[in-house]
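Colleague: Coordinates for the following, if possible.
(one chain, ligands or ions: 1)
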Amino acid sequence: MTDTAIDVRSLDHYFGEGEARKQALFDVNLSVRRGSLTILMGPSGSGKTTLLTLMGCLREVHRGSIRLLERELFQSDEITRIDMRRRLGFIFQARNLHDSLTARQNVMMGLQVHGRGAPKTHALAADHILDLLGLGERLDYLPGNLSGGQKQRVAIARALVSNPDIIFADEPTAALDKESGRTVVEMLKALGRERGATTVMVTHDNRILELADRVVTLEDGRIVKDVAGSGIQTLAVPAMPG
Ligand SMILES: Nc1ncnc2c1ncn2[C@@H]1O[C@H](COP(=O)(O)OP(=O)(O)OP(=O)(O)O)[C@@H](O)[C@H]1O
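Modeller: This next block holds a predicted model:
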């Protein structure tokens, strides 16, 4: 296995056709090391979400190359992309929790879509990760009875419970207070260290920049800055589920 989780080469992306055609990404090159935490920053409309969704197999690569876990996405078929998505975890702003399912059941969905393990172990794994995220007292609550920040933590637990190889996150800490935001980022870092999980996160949250291994800035569809972070510092990291 190589040390590179994601390798983006000469990537362009367009939206629309004919007169309405607009280029959103221009010759993006980015190589992301396995187990690292990379933050994507940039003004609104700079292409962060477009890049994240291309890397996350949620859009078709039109021009250029993205190698994800050593598989090429350019000209890949839908079966390959579905197969790849099973190895990814997504934490997006739109929380998409099922209103009729409890916090525990929502997190268990993250395991059931992968079809791994027995339902009893699913419940234990769900409880464990919810507990780590401070929701141990809310396992049986429906989303309607949780605050915005608590719902976001349920969505984070659901993305992490299946032990994805790569986690793509869009503003995962926006709805959280400073301490919960740090806990989430520290958990992602622990997953990187202990299991080699790689995180790419779009954020405007300056409070967590110092935790990143690398901060990449986009402007008008181009990478304009790429700096190693100070994320190598020692952190008090919560234990992860076994
Ligand atoms: N589905 C779409 N159809 C047409 N244009 C789009 C579409 N999605 C994004 N764009 C355009 O592509 C450019 C990049 O958008 P993108 O959402 O990737 O930016 P962003 O940096 O994530 O912005 P934000 O911080 O506001 O989420 C913008 O000019 C946007 O208007």
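Colleague: So Thr2 is in contact with Leu68, correct?
Modeller: No - Thr2 lies out of contact with Leu68 (Cβ atoms under 8 Å); the separation is 11.9 Å. The way it works is simple: take the backbone N, C-alpha and C, and place the C-beta from them, glycine included.
Colleague: neighbour-wise, which of the two wins?
Modeller: Ranked by neighbour count (other Cβ atoms under 10 Å), Thr2 and Leu68 place Leu68 first, with 27 against 10.
Colleague: Name the nearest residue to Gln152, ignoring sequence neighbours.
Modeller: Using Cβ to Cβ, 6 or more residues apart in numbering and skipping the chain neighbours, the partner closest in space to Gln152 is Ala175 (4.5 Å).
Colleague: er, Arg59 I mean
Modeller: Going by Cβ to Cβ, 6+ apart, Arg59 has Thr53 as its nearest residue, at 4.9 Å.
Colleague: Model confidence score at the residue nearest to Gln152, please.
Modeller: We have a pLDDT of 76 for Ala175.
Colleague: how would you label it: helix, strand or coil?
Modeller: coil (DSSP: H, G, I helix; E, B strand; the rest coil).
Colleague: Next one: it from the ligand, what distance?
Modeller: 15 Å (Cβ to the nearest ligand atom, to the nearest Å).
Colleague: same question, Ile156
Modeller: 19 Å.
Colleague: pretty sure Val161 is touching Ala126, no?
Modeller: Yes - using Cβ under 8 Å, Val161 is in contact with Ala126, at 6.1 Å.
Colleague: list the residues that contact both of these two?
Modeller: Val107, Met108, Gly110, Leu111 (Cβ atoms under 8 Å, 6 or more residues apart in numbering).
Colleague: and the last one, what does it touch?
Modeller: Right, Leu111. Contact analysis of Leu111 by Cβ under 8 Å, 6+ apart lists Gly117, His122, Ala125, Ala126, Val161, Ser162.
Colleague: Understood, closing this out.
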